[in-house]
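> following is a predicted model, sequence given first.
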Amino acid sequence: MLRRRREAARARQDRLERLRRDDRTLLDRLYGTPYEDIAFPPPRPLDDAEAVEILGFALRLGRALFLAGAETRRIESSVVAVTAAWGMGRQEVDINARSIQVQYAPEGRRPVVMLKVMGSEDTRDLDRLAALERLTTHVASGRLDREVAAGALDRIETGASRWPWWFGLGGGAVLAAMLCVLASGTTRAALVSPLVFLLADRGAWVLSRGGLPSFFVTAAQTALLLVAVTGLAAAGGLSHTEAASVIAANVILLLPIFTIISLTEDAIDGFRSMAAGRTVSLLAFFTALACGFLAVGFLLRGADADARSTALIPLPIVLSLLTSAIGALGNTVFMGGGLRIVPPAVATAVLGAGVKLACVGAFGWSAPLATGLATVAMGLAAAVLSPRTGIPVRAFVIPGIAGGVLPGPDLYRSLLQWLLHVEGAGAYLVSTMASVAAIGIGVVFGTLLGTAAERQWHYRGTGGAVGPSRTAEGIVPAAGEPERDTRAR
């Protein structure tokens, strides 16, 4: 057994050395990704027409991954993997805030350079993301030729979303109710919160259809939310505490969770231009949110006393975990996730909420530290389980963040106190922003730990043998997805 492991380890080391000699850049870019163990065919000379066809597919795949919510490093590794699988060497990939560019530049010939504009970073579709990652795995492992792969990508891009728009909106409404409960809302507040969410969402949709920039849409959506809730409170439909819970829940739903996490990932992984672009987007969002608060600030003057003294009462542990699970269910549907994604998303949300509750309640640690440790646990679990289930890491983590660890109530109260010039509001706002930043850092660090642990377990379980990608086998695609159209290259 020991001799076989040593021989397998030497074989793997020899293969890595060959890859280093052939294309060190390619090896470095795929290290730590699901494609690091794939034995790609040696690069071959390609004419311009073939190079354009391969690069065109890679660009379409990269843009589709971006629109579905993939992280930047996964987009880059996917582009590199599919081009390498079809015999392309000397390829370069550059991803910035607005576009993705690829270049094929073998020695002694004219380079081929292509570019595609990425589109909005606010879109997300967990089911489509899973289908795209499965397609990439099939192509990278040599199970699809270019014609079949292009057809599969066409179907994924043009296919209808998993849920009709109104059903996804219903998932958001469920999430709004659960978040209200997590923000110490009463049963009445939890019933009102979905209605406020639907009103704000449809109002934003109408404004965006008119061509209004997203900055003003966010500001108007925030103002509409505040006007609706304060109007209910003034009419006696909600108490001040219930109004605070409803606003806090809906502020959570406004937060660009994808941008927050992706910004941290890009900064850590070295995608500086992407991180800079997301930073600008995030600053613009929080500025728009503040503008929305300021626009109707006169309505909140009567809440001064509540803003100074009201403390959110923590729910019983069982109820907190239950609401986190139901919130993750609603968020999964809201983000276009199918039934297959629901169980791991719910489990990850409960894990994160449990770790945060333990850190804050049992150990008395600060909110930023508790949030960071909770998301580390979520990222680690997702990275370990993702290769075994074929479900993207983000589909595990993202749905559960809003319900389990996002400091929505604190964000609302800190903004309100800052607006009302309450003493200490600045420090409170900084602490809340630290908790928000800890989410991205924790997810990235946990994912790195989980990926490293899974890699070690994989090689120990196989005796260090070199084989195909860890995610290449055992994937059961949904009906109508690429597996049904595979054939030998």
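All right, it came through fine. All values reported here derive from a predicted model rather than from experimental measurement.

> look through this protein and tell me its longest helix.
The helix that spans the most residues within the chain, counting by DSSP state H, is helix 425-461.

> now R128: closest residue in space, sequence neighbours ignored.
Spatial nearest neighbour of R128, chain neighbours left out: A68 (4.5 Å); criterion: Cβ to Cβ, 6 or more residues apart in numbering. No exception for glycine: its C-beta is placed from N, CA and C like everyone else's.

> ok, back up a step: helices or strands next to the longest helix of the chain in the packing?
helix 257-269, helix 367-389, helix 393-404, helix 408-419 (3 or more Cβ pairs under 8 Å, 6 or more residues apart in numbering; DSSP states H and E).

> moving C-terminal of the first one, what's the next helix or strand?
The helix or strand immediately downstream of helix 257-269 is helix 272-295, counting by DSSP states H and E.

> who are the contact partners of the residue nearest to R128?
By Cβ atoms under 8 Å, 6 or more residues apart in numbering, the contact set of A68 is 123-126, 128-129, 132.

> how close does it get to V318?
Distance, A68 to V318, using Cβ to Cβ, to the nearest Å: 35 Å.

> just to revisit the earlier point, so for T287, which of the helices and strands packed on helix 425-461 sits nearest?
With distances scored as Cβ to Cβ, the stretch of the helices and strands packed on helix 425-461 nearest to T287 is helix 408-419 (11.8 Å).

> give me the mean pLDDT for the closest one.
Across helix 408-419, the average pLDDT comes to 68.

> repeat that for stretch 253-272.
Here the average pLDDT along stretch 253-272 is 84.

> what's that stretch in contact with?
Contact with stretch 253-272 is made by 69, 71-73, 95, 121-122, 124, 172, 175-176, 179, 197, 218, 221-222, 225, 274-275, 278-279, 281-282, 285, 289, 397-398, 401-402, 406, 408, 411, 436-437, 439-441, 443-444, as judged by Cβ under 8 Å, 6+ apart.

> buried ones in that stretch?
253-267, 269, 271 (16 or more other Cβ atoms under 10 Å).

> tell me the helix or strand right after the helix or strand where V139 lies.
Element membership of V139 [criterion: DSSP H and E] is helix 126-140. Going down the chain from helix 126-140, the next helix or strand is helix 146-158, by DSSP H and E.

> just the element for the residue lying closest to M118 once chain neighbours are set aside, please.
Distances taken as Cβ to Cβ, 6+ apart put F66 closest to M118, at 5.0 Å, once the chain neighbours are dropped. F66 belongs to helix 48-68 when assigned by DSSP H and E.

> following that helix, which helix or strand comes up?
helix 72-85.

> run through who's touching that following helix.
26, 29-30, 33-35, 38, 40-41, 43, 54-55, 57-59, 61-62, 65-66, 70, 91, 93, 95, 100, 102, 104, 133, 136, 139-142, 149, 262, 265-266, 269, 271, 274.

> of the residues you listed, buried ones?
So, by 16+ other Cβ under 10 Å, the buried ones in the contacts of helix 72-85 are 26, 29-30, 33-35, 38, 40, 43, 54-55, 57-59, 61-62, 65-66, 70, 91, 93, 95, 100, 102, 104, 133, 136, 139-142, 149, 262, 265-266, 269, 271, 274.

> so which bits of stretch 277-296 are buried?
Under 16+ other Cβ under 10 Å, the buried positions of stretch 277-296 are 277-278, 281-282, 285-286, 288-289, 291-293, 295-296.

> what's the average pLDDT for it?
pLDDT averaged over stretch 277-296 gives 86.

> ditto for stretch 137-153
The pLDDT scores in stretch 137-153 average 91.

> could you work out the end-to-end span of that stretch for me?
13 Å (Cα to Cα, to the nearest Å).

> centre of the chain versus that stretch, how much separation?
Mean C-alpha position of stretch 137-153 versus that of the full chain (Cα atoms, centre = their mean, to the nearest Å) differs by 25 Å.

> same check on stretch 198-217?
Using Cα atoms, centre = their mean, the offset of stretch 198-217 from its chain centre is 23 Å.

> one step back: now do the residue nearest to R128 against P256, distance only.
A68 is 16 Å from P256, where distance means Cβ to Cβ.

> same check on G404?
On the measure of Cβ to Cβ, G404 and P256 end up 17 Å apart.

> likewise for Y428?
Applying Cβ to Cβ to Y428 and P256 gives a distance of 21 Å.

> likewise for W86?
In terms of Cβ to Cβ, W86 sits 35 Å off from P256.

> and what of P34?
27 Å.

> same question for V206.
Counting by Cβ to Cβ - V206 and P256 are separated by 20 Å.

> quick one: low-confidence ranges for this structure?
For the chain, applying pLDDT under 70 flags the ranges 1-28, 120-122, 184-185, 297-315, 403, 408-409, 411-412, 415-416, 419-421, 458-489.

> at 50 instead, please
22, 304, 307-311, 464-489 (pLDDT under 50).

> residues touching the residue nearest to V333 when sequence neighbours are not counted, list them.
Spatial nearest neighbour of V333, excluding adjacent residues (Cβ to Cβ, 6+ apart): G171 at 2.9 Å. Neighbouring residues of G171 by Cβ under 8 Å, 6+ apart: 163, 329-335.

> then T375?
Applying Cβ under 8 Å, 6+ apart, we find T375 in contact with 352, 397, 401, 405, 438-443, 446.

> got JSON lines for those, with neighbour count and distance to L322 too?
Listed next are the contacts of T375 as JSON lines, based on neighbours: other Cβ atoms under 10 Å; distance: Cβ to Cβ, whole Å:
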{"residue": "G352", "neighbour count": "32", "distance to L322": "14"}
{"residue": "V397", "neighbour count": "29", "distance to L322": "20"}
{"residue": "I401", "neighbour count": "29", "distance to L322": "17"}
{"residue": "V405", "neighbour count": "29", "distance to L322": "16"}
{"residue": "A438", "neighbour count": "24", "distance to L322": "24"}
{"residue": "I439", "neighbour count": "27", "distance to L322": "22"}
{"residue": "G440", "neighbour count": "23", "distance to L322": "27"}
{"residue": "I441", "neighbour count": "20", "distance to L322": "28"}
{"residue": "G442", "neighbour count": "29", "distance to L322": "23"}
{"residue": "V443", "neighbour count": "32", "distance to L322": "23"}
{"residue": "G446", "neighbour count": "26", "distance to L322": "24"}
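
> can you lay out these as a markdown table showing distance to G372?
Output for these, formatted as a markdown table (distance: Cβ to Cβ, whole Å):
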| residue | distance to G372 |
| --- | --- |
| G352 | 11 |
| V397 | 14 |
| I401 | 12 |
| V405 | 9 |
| A438 | 4 |
| I439 | 8 |
| G440 | 10 |
| I441 | 6 |
| G442 | 4 |
| V443 | 9 |
| G446 | 9 |
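
> for these, which one is nearest P368?
Using Cβ to Cβ, the contacts of T375 come closest to P368 at A438, 4.7 Å.
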